[in-house]
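Engineer: Next input, structure requested:
(chains A, B and C)
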Amino acid sequence: MSEYDETVWRTSPGRVGKLMAILGGTVIVGTIIFFALGDFWISELSPAGKTFYGITDEDVAAPTVVQTGEDIPITLDFIESKDFRTLAFNALPGEPGNNPTINVTVGDRIIFNILNAGKSFHAFGVTLADEGFGGILGGTSVASANSPLKPGEGGTSEFIPSEPGTYYYICTVPGHREMGMVGTIIVE
Amino acid sequence: MAHSNWAEWIYLGVVTALLIYVGAEAWNIERIIDHAPEDAEIIKVTAQQWFWSFEHEDGTKEVGELHLKKDHAYKFEIQSKDVVHNFNIPEYVVLLDAIPGRINTVWFSPNEAGEFDIQCREYCGLIHYNMRAKLFVEDI
Amino acid sequence: MVLELGKARPVWQIMFSTHHTDVGLLYLVFSLLALFVGGAMAIALRVELFAPGVQLIEDSMTYNRLFTAHGTTMIFLFLLPSATAVGNYLVPIMVRYKDMAYPKLNAIAFWMIPPAAVLVWLGMADFGWYANPPYSVISAPAPAAEMWIFGLKMLGVSSILSSINFVVTIMKCKHPDLSLGKISLLSWSFLSSSIIVLAAMPTFAAALLMLLTDRLGASGFFNPAMGGDPIAYSHLFWFTFHPEVYVLVIPAIGMMYEIIPRFSRRPIFSHYSGVAAFIILAIVSFASWAHHMFATGMSFTEKTVFMVGTLAAVPASAMHVFNFLATMWNGRIKFATPMMWAVGGIALFFAAGAGGVVNTAMPLDFITHDSYWVVGHFHLFVFGTIAFGTIGFVYYLFPYITGRMYNEKLGVVHFILAFVGACITFFTQHILGLFGMPRRVYDYPEIDEWVSMNALISVGAMIILVGMVIFLGNLIYSSAKGKPANLEDPFGLGGKYYYPFAQRNPHHGKGGY
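Structural biologist: Prediction:
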């Protein structure tokens, strides 16, 4: 049986306003903090990940080389085939300009202008290794596999070879070299 | 409570019978398809972030595409180089995890020629959504 | 607010209170906030998936973080706290005790949740709410992953603490004249779900710790490069989380046990069937975890065992459905908003369960595993059953908490939009899964059927969105300016209710309960 004889107190506009202010304010402050720090939250790999992917904190240190030759600007765009199974620089296989070979002399400074013209993620580097994505020479990388270039993003880097030989410029995202993103730099 | 609930018992009986039927039929079919035929040709499938590569018995390697023959039995030995992926040919209901550190096997025999999609069916990171390959089944 | 001892108090006093109605209110408000935050994330996902190509989200990393945050938010920050909210409000009243068994612990359990939410929301890890290794160990970026792990640790502890509270309150603090078999079915639902949590949650706590040490490189439990086995994590995770999905559903069914008999103006068909079904479900839920792992390369025998374990839980759920339908049969049903939500919830519960039987039939799982079928299936449970039951119960409790009535017409409109939207969205997702579309994908190729179905699903999601916006408006406006409710019979059902408003608690004497 109901015998409730005390006054019933009901929620009021003031109370609701206070509640919305607390909740709304917290959400807004949180959102500001989140965006203010941007990509900080996803900026690193775990220690186990670094071990697995062989990513050390620095690229293979290249000896400081003095430029004795010319400046050679090279533009390289990351592109993808429509079905995403073939990747390349500048043009797809079979078309002119695909993965251009760069011929330079020791001491020249190659200035790479890199642009991600595709829809996927890419990153750039020069290596001596003839397979895989490791051994990137210091100073040549633009972005990296765990913080890659998003579509439309780009960057520059340079490479002054100190020894003659065959070098490779690649996309450093694992697998992309195997799918076609590799070109040669022949240094005499 | 003093009311009879025979209706509830009958309902439960019907539900349980249906479930037993589903379970028995599923058990039977899975039992039949669980073992690959002995003459199945082995194809090694390697999954890595974010593409597929294949190796035939005779050593031929293919990246991003796979050429097979119609009405032949194939057994896939699936492995992964980094994280868990899942090798899936939806049109032939081929589906099995690619787990680093072990080799999983699944078999099939394509009975239609044509082009089919291969996709990854386990979240594996940035380009999981595009980890695709093409299966070409040829009529030879 | 009415249920809080009938007297207005400053907001900060409610926040620091340990009384069960105050803690219940904190849980409720927080869980509704999480519902809208998680819902906003879902809308972002569906806008992106409306068509192939970029619609809203520029890169796949952001998309991956969003779906992880969406799942984590909805499960841990909406579904679990909203159930705890209802339990906190009503269980002490229903067992005729003055508060929960450990009021301070109760408040602590709540206050662990907002910091955990901050960790999860600021970090926004990207590995899906399962955090499967090796991806979560070697490939998921830091510090987001560690923040998620710590956040979930806190949420797990909070869950365990509130479960201890429920079990002790119900079993030890109930009124001496009340036998365990006779306590309300809502209380039974909290007893059984709390016991499941106590048995299942510690496994996940262990798995989280192992994941963390693996990430730091200090151990190799799940990292094959260090000799570990990723499937071990799957076993530990699903050993907790399969029973955990029952923890999510059981309170919602308990809430339906409150609404349906009351609005049908008939007693529940069989109280003891309900009790038996809750007990059976709690036990059998532990027998089915590896049905989530059929595609990992398990042997035929293992798969069979788990298929049987999964099927064994279905009759218990069927008992609940029968109980509800038999109660409504020949009742003088009043289809007020709470009743609509409860009945809609039962219909979708049935559909969800039917889809689940398909998944557990071993060969069929290879068609549906990790595709949109699974997404549709579990959303029919979490949205179609649990959210429906919870939202219906929020409408039901609304007059008792605020002293005012919500706008009934808007409540009906909300229900229709949510039900129609849920059917369009989630049933279509089942079909999309049969056509092979994988889940957790940022984009998809231009396969005609996929394109048209995705567009349809996104439209369905927008319909749900409109309903939810109306809900939010209704809640805010009606709590400020709604019509004062008749607290003895807010829904005009006739007859007297024995609680929550007019119950006399023998511990309190006149004027309190």
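
Engineer: Need the distance between the two termini of stretch C:171-187.
Structural biologist: Taking CA to CA, to the nearest Å, stretch C:171-187 runs 10 Å from one end to the other.

Engineer: Same question for stretch C:221-228.
Structural biologist: From its first residue to its last, stretch C:221-228 covers 5 Å (CA to CA).

Engineer: Any buried residues in it, and which?
Structural biologist: C:221-224, C:226, C:228 (16 or more other CB atoms under 10 Å in any protein chain shown). The C-beta positions use only the backbone N, C-alpha and C, and glycine is treated the same way.

Engineer: repeat for stretch B:10-23
Structural biologist: Applying 16+ other CB under 10 Å to stretch B:10-23 flags B:11-12, B:15, B:19, B:22-23 as buried.

Engineer: Mind pulling up the pLDDT for residue 8?
Structural biologist: No chain was given, so I picked chain A. Listed pLDDT for residue A:8 reads 67.

Engineer: hmm, I had chain B in mind actually
Structural biologist: What the model reports for residue B:8 is a pLDDT of 91.

Engineer: for it, what are its contacts?
Structural biologist: C:269-270, C:273, C:319, C:322, C:326 (CB atoms under 8 Å, 6 or more residues apart in numbering or on different chains).

Engineer: Where do the strands of chain A begin and end?
Structural biologist: For chain A, the strands defined by DSSP state E cover A:44-45, A:71-80, A:87-89, A:102-104, A:109-116, A:124-127, A:154-159, A:165-171, A:182-187.

Engineer: so, in contact with chain C or not, the longest helix out of those in chain A?
Structural biologist: If you go by DSSP state H, chain A has its longest helix at helix A:13-36. Yes: judged by CB under 8 Å from any CB of the partner chain, helix A:13-36 comes into contact with chain C through A:13, A:15-20, A:22-23, A:27, A:30, A:33-34.

Engineer: List the residues that contact residue 66.
Structural biologist: Chain wasn't specified; assuming chain A. Contacts for residue A:66 (CB under 8 Å, 6+ apart) come out as A:107, A:160.

Engineer: wrong one, I was asking about chain C
Structural biologist: Contacts of residue C:66 by CB under 8 Å, 6+ apart are C:41, C:44-45, C:57, C:124.

Engineer: circling back to that earlier point, with respect to residue C:212, which of the contacts of residue B:8 is nearest?
Structural biologist: residue C:319 (40.8 Å; CB to CB).

Engineer: Stretch A:90-106 spans what distance, first to last residue?
Structural biologist: 25 Å.

Engineer: ditto for stretch C:136-147
Structural biologist: By CA to CA, one end of stretch C:136-147 lies 12 Å from the other end.

Engineer: what does the longest helix of chain A rub up against?
Structural biologist: Here helix A:13-36 makes contact (CB under 8 Å, 6+ apart) with A:41, C:1, C:8, C:11, C:29, C:33, C:37, C:118, C:121-122, C:124, C:476, C:479-481.

Engineer: Tell me the spacing between residue C:376 and residue C:437.
Structural biologist: According to CB to CB, to the nearest Å, residue C:376 and residue C:437 sit 11 Å apart.

Engineer: Next, give phi and psi for residue B:108.
Structural biologist: Backbone torsions for residue B:108, taken as degrees, to the nearest 10, come to phi -160, psi 170.

Engineer: I meant to write residue C:90 there.
Structural biologist: Torsion angles, degrees, to the nearest 10, at residue C:90: phi -100, psi -30.

Engineer: How much space separates the residue nearest the centre of chain C from residue C:130?
Structural biologist: Against the mean C-alpha coordinate of chain C, by CA atoms, centre = their mean, the closest residue is residue C:79 at 3.1 Å. Look at residue C:79 and residue C:130: by CB to CB, they are 16 Å apart.

Engineer: follow-up on the earlier one: among the contacts of residue C:66, which lie within helices?
Structural biologist: Going by DSSP H, the helices hold C:41, C:44-45 from those.

Engineer: that older thread, got TSV for the buried residues of stretch C:221-228, with pLDDT and distance to residue C:309 too?
Structural biologist: Compiled in TSV, the buried residues of stretch C:221-228 are given as follows (pLDDT from 0 to 100; distance: CB to CB, whole Å):
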residue	pLDDT	distance to residue C:309
C:221	94	25
C:222	95	24
C:223	93	29
C:224	92	28
C:226	90	32
C:228	93	26
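
Engineer: ok so, going back, for the longest helix of chain A, what is the average pLDDT?
Structural biologist: 89.

Engineer: Of all the residues in that helix, which ones are buried?
Structural biologist: A:15-16, A:19.

Engineer: Please apply the same query to stretch C:489-496.
Structural biologist: Neighbour-count burial for stretch C:489-496 [16+ other CB under 10 Å]: C:490-491, C:493.

Engineer: between the ones in helices among the contacts of residue C:66, which is nearest chain B?
Structural biologist: Nearest to chain B out of the ones in helices among the contacts of residue C:66 is residue C:45 (CB to the nearest CB; 12.5 Å).
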